[in-house]
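> Predicted structure and sequence below. I'll ask about it afterward.
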Amino acid sequence: MLGIAGLLVALAAPAAKPSASADTSALIQEQALKAYTQGRLSEAEGDLREALGSYIRALGMDSDAVPIARHIAELLQRLGDSSSALDYADKALAVTPGDAQSLWIKGSALIDLGRYQEGLDVLEKCVDADSSRLEYVQALGRAGEALDRPDIVARAYGIAVQLDEDDGESWFQLATAQVRLGQFQEAQKSLDRVADLAPSRPGQIFLQGFVDEHMGRPNDAIEHYRQHLQIHKSDQLTRRRLVQLLERANRWPEALVEARAVAQSAPRDWEAAAVWTDVAFRAKHSSEAQTALTHLTKLSEDSPERMGQVVSLLVQADKKAEATKVADAWATKRPGDPRGYLLQARARMLANQEKEALPYARRALEAQPDSLLPRILVARIHSDLKQYAEAEKVLNEGLERPVPAVVPLLLEIGGVREQRGDVAGAEAAARDALKREPENPRAQNSLGYLLADQNRNLPEAEDLIRKAVAQDPDNGAYIDSMGWVHFRMGRLDVAKSELERAVELTDGDPVVREHLGDVYRQLSLTSQARDQYRLSLAKDGSNARVKAKLDQLHP
């Protein structure tokens, strides 16, 4: 027996036609009608193979019969032969190019064949031609999902809910797309409809929690995530989001329960172990914190970068001596390894023991004189010790190496000069870096922030920072710079929004919190300003400038 492909080949040639005349034309039309009618009967009886053969014979007798070509294409699509369906949809479109149904079949066939962008383009034309058919807009929505185009998905399901206001599934798909587009208020309205129409729809509770989280309702988000986890206990991604929310709310005992569950579900997951350790320390569960730390240290043993993060975590937990001990133990096992020297230097630097850190950093630099990291570390330690001339000397020596990392070194030189009060010198170094690499986002941000901090050339500063943000939209340092330039230009509401996001992206960097506190103070939000200054000092208690600002705010 012939398969569908063989059947199509056998029937593709048009039937032989007698010489043209009115009688023969009528006869051909009659035969085509009989074949088509027989096809409909076979289809009604469920014999799709026989029906397909009859339709193809009918089309062979009347090649311009768009409804027959279109119906063959649709039947082939149902039978799973998308390639042949595409051919017959094209036959129909050759006669009527704008036929919506033929466009729908063609677009769906292209999607099935993995030709997603072509399929999307065709389905957009289909919906443009006829947006009154639910199956058309749903096909467009599925194409948008396949191509990760939430804008297309939102358009499609926005039409779908207009066609059927009681379709809870379309409302849910619309809400999902709106969330991905950051349209949280619109997503909330869509979710309200889902709650009315399909309250038990899977995924609804999580999505509501996600919307709550991004609309500034953390307590509601926590409750919705917990409800979701009661149903989906193994969903550790949602549990991780819950941990983050509980951490931000300083609900450490609750966060510890969830962080422990995440770590136990993935014992080789370093990030989960790090969160568990950090939360255990913050929750003041010493024994569990030590258990988590032991586990984390084992996972970090082969990575100096991860051991560095372990050291940082211990310093944040006010375990400076233990941080130094961990770094020394790792380095002792690897004598002469410059990575060990770097780790020892970093541990002491984080513990505010710059003098003790310097010899280790210098050993690392002596072992790798062409490496950027130890050179910058040595220079920063000298800067912290207010040995600015020595810091700049170390960096300038790097510029003389055979293959210097010019732009990073120039930006570090600019930072050293700014620290010692040489603003003009800092600007010169930043402009030199930008001249060498005009599209370097670090250089753009460095010069832009310097100008904003000095409250001059603000249009240029804004332009530079916007370029940096465009290249790295989620860089907390760049977002902080953008918020700061808005503050300098008097756009307090915009500055507030940007800096609140920067605080989140930088995990509460003390300088960013100071900037946000300044904005709150200008907006007469005294309580919020005081909170930000206090949180800034909690991470950098030596900042006299922030202490003075806090003292100026009466309790």
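Perfect, thanks for sending it.
> So residue 95 is in contact with residue 66, correct?
Yes - between residue 95 and residue 66 there is a contact at 5.1 Å, judged by CB atoms under 8 Å. Glycine gets a C-beta too; all of them are placed from N, C-alpha and C.
> If you count surrounding residues, which of those two has more?
In this view residue 95 and residue 66 are compared by other CB atoms under 10 Å, and residue 66 has more residues nearby, 18 against 14.
> Let me see the contact set for the more buried one.
92, 95-96, 99, 102 (CB atoms under 8 Å, 6 or more residues apart in numbering).
> Quick check: it vs residue 88, distance?
11 Å (CB to CB, to the nearest Å).
> Low-confidence ranges, this structure, go.
Along the chain, segments meeting pLDDT under 70 span 1-29, 32, 35, 39, 62-64, 554-555.
> Now do the buried residues in stretch 349-364.
Buried residues in stretch 349-364, counting neighbours by 16 or more other CB atoms under 10 Å, are found at 349-351, 354, 356-358, 360-364.
> Export the residues you listed as CSV, with columns for secondary structure.
CSV is the format used below for the buried residues of stretch 349-364 (DSSP: H, G, I helix; E, B strand; the rest coil):
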residue, secondary structure
349, helix
350, helix
351, coil
354, helix
356, helix
357, helix
358, helix
360, helix
361, helix
362, helix
363, helix
364, helix
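> and of those, the nearest to residue 510?
The closest of the buried residues of stretch 349-364 to residue 510 turns out to be residue 350 (CB to CB; 13.9 Å).
> quick one: what helix or strand has the residue nearest to the closest one when sequence neighbours are not counted in it?
Nearest residue to residue 350, sequence neighbours excluded (CB to CB, 6 or more residues apart in numbering): residue 315, at 4.3 Å. Per DSSP states H and E, residue 315 falls inside helix 304-316.
> Which secondary structure elements does that helix sit against?
helix 270-282, helix 286-300, helix 320-332, helix 338-350 (3 or more CB pairs under 8 Å, 6 or more residues apart in numbering; DSSP states H and E).
> next one: that helix to chain centre, how far?
26 Å (CA atoms, centre = their mean, to the nearest Å).
> Residues touching it, excluding its own?
Against helix 304-316 from outside (CB under 8 Å, 6+ apart): 270, 274, 277-278, 281, 293, 296-297, 299-301, 320, 322-323, 326-327, 330, 339-340, 342-343, 346-347, 350-351.
> quick one on the thing from earlier: check the gap between the residue nearest to residue 350 and residue 322 for me.
Distance from residue 315 to residue 322, by CB to CB: 9 Å.
> got it, and residue 537?
24 Å.
> what does residue 92 give?
75 Å.
> quick one: which of these two has more around it?
Taking neighbours as other CB under 10 Å, residue 92 and residue 322 compare with residue 92 leading, 27 against 17.
> Show me the residue sitting in the middle of the chain in space.
By CA atoms, centre = their mean, the chain has its centre lying nearest to residue 474, at 8.7 Å.
> any chance of the contacts of residue 66 in JSON lines, plus secondary structure and distance to residue 143?
Below are those laid out as JSON lines (DSSP: H, G, I helix; E, B strand; the rest coil; distance: CB to CB, whole Å):
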{"residue": "92", "secondary structure": "helix", "distance to residue 143": "20"}
{"residue": "95", "secondary structure": "helix", "distance to residue 143": "25"}
{"residue": "96", "secondary structure": "coil", "distance to residue 143": "22"}
{"residue": "99", "secondary structure": "coil", "distance to residue 143": "18"}
{"residue": "102", "secondary structure": "helix", "distance to residue 143": "16"}
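> which two in the residues you listed are spaced the farthest apart?
95 and 102 (9.1 Å).
> Determine the residues that are contacts of both of those two.
Joint contacts of residue 95 and residue 102 (CB under 8 Å, 6+ apart) are 66, 69.
> Run a quick neighbour tally on the residue nearest to residue 322 when sequence neighbours are not counted.
Of all residues beyond its chain neighbours, the one nearest residue 322 is residue 314 (5.2 Å), with distances taken as CB to CB, 6+ apart. Around residue 314 sit 26 other residues, with neighbours defined as other CB under 10 Å.
> Tell me how far residue 314 lies from residue 501.
To residue 501, residue 314 is 29 Å away according to CB to CB.
> Sticking with residue 477, tell me its helix or strand.
Residue 477 is part of helix 476-488 when elements are defined by DSSP H and E.
> buried residues in the helix or strand that that helix is followed by?
Counting by DSSP H and E, the element after helix 476-488 in chain order, helix or strand, is helix 492-505. Going by neighbour count (16+ other CB under 10 Å), the buried part of helix 492-505 is 494-496, 498-503, 505.
> The helix or strand hosting residue 389 - contacts with which helices or strands?
In the assignment (DSSP H and E), residue 389 maps to helix 388-399. Applying 3+ CB pairs under 8 Å, 6+ apart, we find helix 388-399 packed against helix 372-384, helix 406-419.
> Minimum distance to residue 214: which of those helices has it?
helix 406-419 (33.7 Å).
> which residues does residue 201 contact?
Here residue 201 is in contact with 168-169, 172, 194 (criterion: CB under 8 Å, 6+ apart).
> how much space between the residue nearest to the centre of the chain and residue 500?
14 Å.
> ok so, going back, let me have the helices and strands packed on helix 304-316 in JSON lines, extended by distance to residue 460.
Shown next, in JSON lines, are the helices and strands packed on helix 304-316 (distance: least, CB to CB, whole Å):
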{"stretch": "helix 270-282", "distance to residue 460": "40"}
{"stretch": "helix 286-300", "distance to residue 460": "44"}
{"stretch": "helix 320-332", "distance to residue 460": "42"}
{"stretch": "helix 338-350", "distance to residue 460": "34"}
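> For the stretch 101-250 of the chain, which segments count as helices?
For the stretch 101-250 of the chain, the helices defined by DSSP state H, counting those that start in this stretch occupy 116-129, 134-146, 150-163, 168-180, 184-197, 204-214, 218-231, 236-248.
> Turn these into TSV, columns for mean neighbour count.
Below are these laid out as TSV (neighbours: other CB atoms under 10 Å):
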stretch	mean neighbour count
helix 116-129	20
helix 134-146	21
helix 150-163	20
helix 168-180	23
helix 184-197	18
helix 204-214	22
helix 218-231	17
helix 236-248	19
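> related to what we said a few turns ago, could you check the angle helix 270-282 makes with the helix holding residue 315?
Per axes from the mean of the first three to the mean of the last three CA atoms, to 10 degrees, the angle that helix 304-316 makes with helix 270-282 is 10 degrees.
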